[in-house]
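Undergrad: Fold the following.
(2 chains)
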Amino acid sequence: MTNLKYRLLTIALLVLASAWALYPRKVVERVKRNGTFVFDTIQRVPLKRGLDLQGGMHLTLEVDESKGTIANKGEALDRALKVVRTRIDEFGVSEPVVQKVGSDRIIVELPGIDDPARATEVVQKSAFLQFQITDKTQAFEKNVGRLDAILKDKGIVAAAKADTGQAAAKSALPNLFATADTAKKAKGDSAAADSLKAGTGPFSTKVAKAPGGDPGMYMVAETDRDEIDSYLQNPDIQAALPPGKQLKWGADTISAGGKAYRALYVLDARPIITGEYLTDAKPNTVPGEGTIVEFQLNNEGGRRFKSETGKHVRDYMAIVLDDRVMSAPIIQSAIGTRGQITMGGSGLQAAQDLALVLRAGALPVPLKVAETRSIGASLGQDSINKGIRALVVAIALVVLIMVVYYRFSGLIAVGGMVLYVLYTLAALAGFGATLTLPGLAGFVLGIGIAVDANVLIFERIREELDHGKSVRTSIDEGFKHAMSAIIDSNVSTALTALVLYQYGTGPVKGFAVTLIAGLAATMVACVFSVRTFYLVWLNRNRGAETVSI
Amino acid sequence: MLRILHGTNYDFIKYWRTAAVLTIAFILLGMGSALFKGGFPYSIEFTGGTLMQLEFTTPPNVAGLRSTLDAAGVKGAEITSFGSNREYTLRAQGAEQVAAQAAGSEKIAAQIEAALKAAPTDNQFKVVRVETVGPRVGGELRRGAVIAILISFVVTLAYLAWRFEWRFGLAAVLATAHDILTTIAFIKLLHLEISLTVIAAILTVIGYSLNDTIIIFDRVRENLHKNRKMSFYDLLNRSVNETLPRSILTHATTLAATVSLLLLAGEVIRPFAWVMSFGIFTGTFSSIYVASPILMWVENKYPRANEARGGTSRAAARP
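TA: I've put the predicted structure just below:
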């Protein structure tokens, strides 16, 4: 009977280990209370829930090579990974996942996030900050005729030429601005506006000098922006642009005369400094200016900034974030280590996020979103509730079938099933596997499949009893003969599960993991433990001539 | 003791012709539907695109939703109610929308949300789920799913080859192929969307059905060993009859699990539960009416030598 003692000891140890693995422990979680997220220490079962069950966001980011290939992609991606990780840490999510996948992807998992658009923005923003002096040589005006001629030669703008009525309407633009802002209108500007009006190509008619605006600042109607932008992407146009200058769009639209316009800036291509010298950034609200982000540069950056701005007093300096001009204030005097970015119409949260990404540093490569999955926390909780309801009903039905059909042996099988549930959950918790919604379904399904092992054994025992064998022999033979079928069925299912694990994405991987954990638990709970229960019973009823099965 | 179908002696194999006609008709119905009624609906995981699940405070006007989306340039989006009449899913997976997601897969979702927010209605809504897949990821998942199915096939074949001799293996593989065909026909007839979860269900059905076939063949192998005089026809029938109580019980418990999932686990898992529930039937059916008749046909065509039945063949060598 030492054999039986070892068996019982093994079961006791396994149950203890499972109980330990599943014992509720303290975890710090980010929970939403009164509309804001706070960190909270709560005690719960250490089962990791997938994003589909607890709510949250999954993001796959990909290196964006649409604007030119990236030379050293692997190394750049590693640096990008660090930046993204720093940003996420500051963003404040409990148990985030930031991981490199393959050679050009980063996956980010943010449990509990309920504003996916904002999270995407924080992760994806390049946050590449540049300070560039606006052009004051009217380089663009001098070239406008040539640019339009190129477009005409290429036959790109045949439609625009035919549409003279529209062109005429557009040419009224400078006047419109003039009425809105007459006081500042300078003589040079009106001359420039005239020269722009002279041609008939799209650059002449659709791009207007901003009256009274900064030098190098032009206005394009928001409706024409995509058209002009597509011309600017044209390689021939790019070649013909004034050397040493860059054209960049403003970040926000400006409304004048009931119409939306966007600024187009002509800037000196060489930035006076970039955001790499930035040491700190924080949001602030200043009366009269609205929301701003104040930043601080390190000593070296401060020195450069001071000498460069000293050379450009009375010039305009564009603050360029991710190739969009945030603002272009005039330089009153040399600026040292401190500066600020005005946020225009955006709120305090946008300023907070901008400060965050500036502190974490610029992304070394542009990233684009290749895939997102976001699920609201309430939907996740709903899935858990429904899954548990299905689980409870499935267990009740299976218990009913087994006990009605197999009576006492059915009860033994139910004992095995309880252990099955315990072991499976413990295995998931112990190995830190994630329980997803399909995983929950796999778990429910697993219960139906797990009792198959017991059904095979019991049917076999019945057959052996029919052949007139004794109870003890029948039980022994029943287990022995059912074994090959049980192993076959478990192996064939496990092979499928392994393939799914290898090729599935998040939720389906969860299904595979639960299935595999369940199969292992079946062997221990429904074969080893059930056999032990029989041995205990036989031990107590040595002379038993019948068994309730 | 309570016994169902104990000691039966039904002649299952006799009806194989009827069974074959039924199952072929079912498969043809499914395939015909796929051929003439526009293929299979694939989930955005495979096609790329955007899925949004919205919860409205009051049941929305679907035609209004559609025109709002059309006006926003998201044309041809599929709008279906999901669970209740206040919850709707929007699927934008047309070629134009997928292409627009090449530069960033979140763009269409943002466009839809902005358009719906701007629409002049006081029906508030909440976005409870968003899934967006760019074209490149969609292509990769498609390839991945095909590879997964092929590999699971090869692995299963290898396991059967190792476990059984070729006659059994061939019959089991053909039965599995049958299960895949009927399951696909079922998916088409129920208009289920082919997603990764549904593929996972199909692969699980394959495992389950193979299981069932293996258990009957296990018994055939054993009976071959025990009853050397019996004709193969009687031997097959006997094996099916002997394993019948087990089949009924196991299918009852598994069905209890899948039907609970179908009725209680919610809309997201429902396609999975449908496929699994159907799989239990087709798996049982194919073990008896596809695998067994094929095995008999193979045995008749390529009869084993007498000494093989005496215990030297691989099939008989394993107890």
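
Undergrad: only C-alpha atoms for contact and neighbour calcs from this point on.
TA: Will do.

Undergrad: May I ask you to confirm that residue A:360 is in contact with residue A:82?
TA: No. When contacts are counted by C-alpha atoms under 8 Å, residue A:360 is not listed as touching residue A:82 (9.1 Å).

Undergrad: okay, these two: which has more neighbours?
TA: Set side by side, residue A:360 and residue A:82 show more neighbours around residue A:360, with 23 against 16, by other C-alpha atoms under 10 Å in any protein chain shown.

Undergrad: contacting residues for that one?
TA: Residues near residue A:360 by C-alpha atoms under 8 Å, 6 or more residues apart in numbering or on different chains: A:83-84, A:86-87.

Undergrad: count of residues packed around residue 115?
TA: The chain I'm using is chain A. 13.

Undergrad: Hmm, no, I was thinking of chain B.
TA: So residue B:115, with other C-alpha under 10 Å, has 19 neighbours.

Undergrad: Surely it is within a helix?
TA: Yes. The assignment for residue B:115 (DSSP: H, G, I helix; E, B strand; the rest coil) places it in a helix.

Undergrad: Can you tell me how far it is from residue B:58?
TA: 18 Å (C-alpha to C-alpha, to the nearest Å).

Undergrad: likewise residue A:148?
TA: According to C-alpha to C-alpha, residue A:148 stands 54 Å off from residue B:58.

Undergrad: Which one's more surrounded, these two?
TA: Using other C-alpha under 10 Å as the criterion, residue A:148 and residue B:58 rank with residue A:148 on top: 22 against 13.

Undergrad: Would you agree the more buried one is in contact with residue A:204?
TA: Yes. Counting by C-alpha under 8 Å, residue A:148 does reach residue A:204; the two are 7.2 Å apart.

Undergrad: Including pLDDT, could the contacts of residue A:360 go into JSON lines?
TA: Formatted as JSON lines, the contacts of residue A:360 follow (pLDDT from 0 to 100):
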{"residue": "A:83", "pLDDT": "86"}
{"residue": "A:84", "pLDDT": "87"}
{"residue": "A:86", "pLDDT": "84"}
{"residue": "A:87", "pLDDT": "84"}
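
Undergrad: just these that are near chain B?
TA: Checking these against chain B by C-alpha under 8 Å from any C-alpha of the partner chain, not one of them is in range.

Undergrad: right, and out of those residues, which lies closest to chain B?
TA: residue A:84 (17.2 Å; C-alpha to the nearest C-alpha).

Undergrad: name the element the closest residue to that closest one other than its chain neighbours belongs to?
TA: Spatial nearest neighbour of residue A:84, excluding adjacent residues (C-alpha to C-alpha, 6 or more residues apart in numbering or on different chains): residue A:123 at 5.9 Å. Using DSSP states H and E, residue A:123 sits within helix A:116-124.

Undergrad: Residue B:162 too?
TA: If you go by DSSP H and E, residue B:162 is part of helix B:135-163.

Undergrad: which helices and strands sit right next to that helix?
TA: Identification of packing neighbours for helix B:135-163 by 3 or more C-alpha pairs under 8 Å, 6 or more residues apart in numbering or on different chains; DSSP states H and E yields strand A:367-375, helix A:471-503, helix B:44-47, helix B:166-189, helix B:196-226.
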